[in-house]
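Visitor: what follows is a predicted structure for the sequence shown.
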Amino acid sequence: MALLSICIILLIVLLVAKPMGLYIAKVFDYAPSKIDRVYLPMERFFYRIGGVKGENQSWKKYATTLILTNMVMICIVYFVFRLQGILPLNPTNVPGMEPTLAFNTAISFMTNTNLQHYSGESGLSLLSQMIAIIFLMFAAPGTALATAIAMIRGLAGKPLGNFFVDLIRGITRILLPVSVMAALVFVGLGVPQTIDATVTAHTISGQDQSILRGPVASFLSIKELGNNGGGYFGVNSSHPYENPNIWSNAVQILLMLLVTISLPFTYGKMVGNRKQGRILFVSAGLLFVLIAGAAFVTESNGNPVINQLGIHQDSGSMEGKEVRFGTLHSALYAMVTTASETGAVNTMHDTLSPLTGLLTLLNMMLNTVFGGIGAGFMNMLLYAMVAVFLSGLMVGRTPEFLGKKIEGKEMKLIALTLLIHPLLILGASALAMFTQVGREAISNPGFHGISQVLYEYTSSAANNGSGFEGLGDATPFWNISTGIVMMIGRYFSIVTLLAVAGSLLKKQTVPETIGTFRTDSSLFGAIFITAILIVGALTFFPVLVLGPAAEYLTL
């Protein structure tokens, strides 16, 4: 029954992917359309306030505008976090955040990571939740989506557009309307939506218990749709107020995948090669199915130690999982949240079997199995160009992508982008393992301790935000180090890939000949998957052997 319901969820995702992708392409087409009558008056109001003229920007101006805008937002919410103790809408008297924690949290939510080194129940006031956290939950995915669209335009030989226009359109026409509808669905499914902070319950033991509430439904909808992932409550989507039942769980999975799985169709429409978009979609889909299928098998086999004792486990390994979701739905959620770089969790990832933990790490390390909103698709295009380059080397021909020659300048930028991701993860993990302040956070001194550290920095560099929560990461060392990793992991690749798009935009289109390697064929799809596995997965193979693989072999 669980497998059938999972198949139905994934089938719904497949059915909505193409229509959503074509709608996104329509949103970012600057040509007049019928939907302008609904959204354009509101957007023009924002343009007037911000003095936005809407002129096309070069890649340098687009990137500079994006980074400066994001930095201003980080500064604003940093001071909100620091001053929340004296600001209004603080009925539970939450104190202001410690400086390094405020630094980490502001960067975390602006980079779409939503790594939380605080407890959702006690770390933020209502004001911080509503005007800082939820604000960044719209601004961060809007930024990434705008960047991906700008890159697609550049590859298609069109002007990159205007960052402010793209940001506002992405929020007003995609994120805001869908999240409003999703919030209403969540309210219907039992998720609270109120500005009253707590309710007092009289327990059967005779004690009074204060239970936190708040605008959870509106928080939850953009948390999942925008691939944000941060939880209103400390236990995230395993909390019954944040994920009451199997229906709310299914809606959350759908929202996590909705935009990111649709972008290949957006790409195909905007570049005028829908078949190539379908190839990218199918290739990423095959990787996801293989990884998710492996996770189902490993979690269904239960705990190896218990199996060796001869104790039968009908439901697989239920350690760290909610009974209302079960083993398979918990495993699916873990795969979806790491594949989409959302970071929401409905189970304790620290208690996943070693091989399932390895698969969650692999999803984040590859960051292409559909990947986060916007940023994940940019990584898919990165690997597509790597696949074209490798194919060109094999036949002795200058590689071409969408009719543009990929030459030394572009490959240097691509190589830098490929290198920064593993350097951040492995370098930061090595630093933490080398220093006393890093090692003292590890709760498990064995191979699992390596996995805890590795997961924390992988989640930060990939802008995922989930964690092996056995790690004691609420310290200045972890706040500062993960904050730096999140910042570089987010903005370095944005700048370099915009530079690649800007460089290709200036080049003349090369006429297609009999020797041109077609990028809309199944052969290209196979080379694309191979490039991801060879260039991406093998980079991290040694550390995965030291961590989760070694843990599995010693059970």
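Guide: Yep, it's here. Residues are numbered from 1 along each chain as shown.

Visitor: helix or strand: which one has G293?
Guide: Taking DSSP states H and E as the criterion, the element that holds G293 is helix 274-300.

Visitor: show the average pLDDT along stretch 386-395.
Guide: Per-residue pLDDT values across stretch 386-395 average out to 85.

Visitor: put the alpha carbons of that stretch into PDB.
Guide: Presented in PDB, the C-alpha positions along stretch 386-395 are these (Å, rounded to 0.1, in the frame of the first residue of the first chain):
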ATOM      1  CA  VAL A 386      30.800  19.200 -19.300                       C
ATOM      2  CA  ALA A 387      29.200  16.300 -21.200                       C
ATOM      3  CA  VAL A 388      29.400  18.200 -24.500                       C
ATOM      4  CA  PHE A 389      33.100  19.100 -23.800                       C
ATOM      5  CA  LEU A 390      34.000  15.400 -23.000                       C
ATOM      6  CA  SER A 391      32.200  14.300 -26.200                       C
ATOM      7  CA  GLY A 392      34.200  16.900 -28.200                       C
ATOM      8  CA  LEU A 393      37.500  15.700 -26.800                       C
ATOM      9  CA  MET A 394      36.600  12.100 -27.900                       C
ATOM     10  CA  VAL A 395      36.000  13.000 -31.500                       C
END
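
Visitor: quick check: closest non-adjacent residue to L416.
Guide: Closest residue to L416 in three dimensions, ignoring its sequence neighbours and counting by CB to CB, 6 or more residues apart in numbering: T496, at 5.7 Å. Glycine gets a C-beta too; all of them are placed from N, C-alpha and C.

Visitor: quick check: mean pLDDT of the helix or strand harbouring L10?
Guide: Using DSSP H and E, L10 sits within helix 2-27. With pLDDT averaged residue by residue, helix 2-27 scores 94.

Visitor: relative to helix 274-300, how tilted is it?
Guide: With axes from the mean of the first three to the mean of the last three CA atoms, to 10 degrees defining the directions, helix 2-27 sits at 150 degrees from helix 274-300.

Visitor: next secondary structure after helix 2-27?
Guide: With elements assigned by DSSP H and E, the helix or strand that comes after helix 2-27 is helix 36-50.

Visitor: neighbouring contacts of that following helix?
Guide: The contact list for helix 36-50, computed with CB atoms under 8 Å, 6 or more residues apart in numbering, reads V52, K53, G54, F164, V165, I168, R169, T172, R173.

Visitor: what about those, which are in helices?
Guide: When these are checked against helices using DSSP state H, the ones located there are F164, V165, I168, R169.

Visitor: on that earlier part again, which residues touch the residue nearest to L416?
Guide: For T496, the contacting residues are L413, I414, L416, T417, by CB under 8 Å, 6+ apart.

Visitor: counting neighbours, which of those end up buried?
Guide: Neighbour counting with 16 or more other CB atoms under 10 Å marks L413, I414, T417 as buried within the contacts of T496.

Visitor: enumerate every residue touching the second one.
Guide: Looking back up the chat, that one is I414. L382, M385, V386, F389, T496, V500.

Visitor: any stretches of this structure with poor pLDDT?
Guide: Residues of the chain meeting the criterion pLDDT under 70: 197, 302-316.

Visitor: list the buried residues in the helix holding G293.
Guide: Of the residues in helix 274-300, those scored as buried under the neighbour-count criterion (16+ other CB under 10 Å) are 274, 276-281, 283-285, 287-288, 291-292, 294-296, 298-300.

Visitor: what's the answer for stretch 490-507, then?
Guide: 490-491, 493-505.

Visitor: out of the residues you listed, the closest to T368 would be?
Guide: The closest of those to T368 turns out to be S493 (CB to CB; 12.0 Å).

Visitor: tell me the secondary structure at that closest one.
Guide: helix (DSSP: H, G, I helix; E, B strand; the rest coil).

Visitor: how about residues contacting stretch 295-303?
Guide: Residues from elsewhere that reach stretch 295-303 (CB under 8 Å, 6+ apart): 307, 313, 316-317, 319, 327-328, 330-332, 334-335, 352-353, 355-356, 359-360.

Visitor: restricted to buried residues, select the residues you listed in ChimeraX.
Guide: Listed next is the ChimeraX selection for buried residues among those, using 16+ other CB under 10 Å:
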select :316,317,327,328,330,331,332,334,335,352,353,355,356,359,360
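
Visitor: cross the contacts of stretch 295-303 against helices and list the overlap.
Guide: The members of the contacts of stretch 295-303 that map onto helices under DSSP H are N307, T327, L328, S330, A331, L332, A334, M335, L355, T356, L359, T360.

Visitor: okay, those in TSV with distance to Y552 next?
Guide: Conversion of these to TSV gives the following (distance: CB to CB, whole Å):
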residue	distance to Y552
N307	13
T327	18
L328	20
S330	19
A331	16
L332	21
A334	16
M335	18
L355	5
T356	10
L359	12
T360	14
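
Visitor: now, which of the residues you listed sits nearest G21?
Guide: Using CB to CB, M335 is the member of these that lies nearest G21, at 21.5 Å.

Visitor: what's the distance between that closest one and L286?
Guide: Using CB to CB, to the nearest Å, one gets 14 Å for the distance from M335 to L286.

Visitor: TSV for the contacts of T496, including secondary structure and distance to T65?
Guide: Listed next are these as TSV, based on DSSP: H, G, I helix; E, B strand; the rest coil; distance: CB to CB, whole Å:
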residue	secondary structure	distance to T65
L413	helix	20
I414	helix	23
L416	helix	22
T417	helix	20
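
Visitor: next, give me the two most distant ones among those residues.
Guide: By the measure CB to CB, I414 and L416 form the most distant pair in the contacts of T496, at 7.3 Å.

Visitor: so what's the residue count around the closest residue to V191 other than its chain neighbours?
Guide: Using CB to CB, 6+ apart and skipping the chain neighbours, the partner closest in space to V191 is A217 (4.3 Å). By the other CB atoms under 10 Å criterion, the neighbourhood of A217 contains 25 residues.

Visitor: quick thing: my sequence starts at 36, can you match it?
Guide: Fine by me, first position is 36 from now on; the one you just mentioned is A252.

Visitor: just checking, A252 touches S214?
Guide: No: in terms of CB atoms under 8 Å, A252 does not count as a neighbour of S214; the distance is 9.8 Å.

Visitor: could you pull up phi and psi at T182?
Guide: Note on T182: backbone dihedrals following degrees, to the nearest 10 are phi -60, psi -40.

Visitor: relative to I567, how far out is it?
Guide: Using CB to CB, one obtains 21 Å as the distance from T182 to I567.

Visitor: give the contact list for L489.
Guide: Contacts for L489 were tallied using CB under 8 Å, 6+ apart; they are L396, I460, S464, V578, G582.

Visitor: Q543 sits in which helix or strand?
Guide: Going by DSSP H and E, Q543 is not part of any helix or strand.

Visitor: and the gap between it and R553?
Guide: To R553, Q543 is 20 Å away according to CB to CB.

Visitor: out of the two, which sits in the more crowded spot?
Guide: Remark: of Q543 and R553, R553 carries more neighbours, 14 against 9, as counted by other CB under 10 Å.

Visitor: please tell me I have it right and that one contacts F559.
Guide: Yes: under the criterion of CB under 8 Å, R553 is in contact with F559, at a separation of 6.5 Å.

Visitor: ok so, going back, out of the contacts of I449, which sit inside helices?
Guide: For the contacts of I449, secondary structure assignment (DSSP H) places L417, M420, V421, F424, T531, V535 in helices.

Visitor: how many other residues sit next to I102?
Guide: As a burial measure, I102 scores 16 neighbours (other CB under 10 Å).

Visitor: quick check: closest non-adjacent residue to it.
Guide: Leaving out its chain neighbours, the residue that sits closest to I102 by CB to CB, 6+ apart is Y526, at 6.0 Å.

Visitor: so which residues of this structure form strands?
Guide: 233-237, 243-247, 435-436, 439-440 (DSSP state E).

Visitor: so can I have TSV of those strands showing mean neighbour count and distance to V226?
Guide: Below are the strands of the chain laid out as TSV (neighbours: other CB atoms under 10 Å; distance: least, CB to CB, whole Å):
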stretch	mean neighbour count	distance to V226
strand 233-237	11	14
strand 243-247	12	13
strand 435-436	21	44
strand 439-440	19	47
